[in-house]
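# need a 3D model of the following:
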Amino acid sequence: MRIMGLDYGSVTVGVAISDELLITAQGIETIRRKEENKLRQTLARIKELCDEYEVSKVVIGLPKNMNNTIGDRAEKSLEFADMVRKRTNLEVCMWDERLTTVGAHNAMLEADLSRKKRAKSVDMLAAVLILQGYLDNIKINKEDSYE
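This is a model prediction of the structure:
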């Protein structure tokens, strides 16, 4: 069993996959499209990856506003989640992704990556941060239930 993490953007979707023990998240690719509303090929690629990696659940970043409200971008992410759910027939859950893209940019700046390399991989790294946050939360909740 693996979990897929997605960072849904206006023209890209960063993709990360967990290991089978649900401990770590690894970035696998960034899916690019020409227009925001052209999602058929994007959804087909996500389905292919779910099948290839034997994914049992998909976690999608929910970009809430800093005051915890749902804005336009978060609404689009919720709509995208419904499309992923219908295409894959998998459980899809949302994960608060506030500041993950900022964190991804900061990590790449610290690694001294060029602007070009940062642009190519920021969405995939954001997907890793989303999924890793979710996996860490699962672990913490399991540990708490044993006390």
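# please, where are all the strands along this structure?
Under the criterion DSSP state E, the chain carries strands at the ranges 2-8, 12-18, 25-32, 55-62, 91-96.
# in the fourth one, what's buried?
In this case it means strand 55-62. Residues 55, 57-62 are the ones in strand 55-62 that count as buried (16 or more other CB atoms under 10 Å). Any C-beta I mention is one placed from the backbone N, CA and C, and that applies to glycine too.
# just to revisit the earlier point, so which of the strands of the chain is nearest residue 85?
The minimum distance between residue 85 and these falls on strand 91-96, with 4.4 Å, by CB to CB.
# the closest one pairs with which strands?
Strand 91-96 sits in its sheet next to strand 55-62 (parallel), going by DSSP bridges.
# what pLDDT, on average, does the partner strand get?
For strand 55-62, mean pLDDT is 97.
# do stretch 74-89 as well
For stretch 74-89, the mean confidence score works out to 96.
# so which bits of that stretch are buried?
In stretch 74-89, counting by 16+ other CB under 10 Å, buried: 74, 76-77, 80-81, 83-84, 87-88.
# over to stretch 41-54?
42-43, 46-47, 49-50, 53.
# any chance of a markdown table for these, columns distance to residue 35?
Output for the buried residues of stretch 41-54, formatted as a markdown table (distance: CB to CB, whole Å):
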| residue | distance to residue 35 |
| --- | --- |
| 42 | 11 |
| 43 | 14 |
| 46 | 17 |
| 47 | 20 |
| 49 | 21 |
| 50 | 23 |
| 53 | 27 |
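# taking those residues one by one, which sit in helices?
Among the buried residues of stretch 41-54, the ones falling in helices (DSSP state H) are 42-43, 46-47, 49-50, 53.
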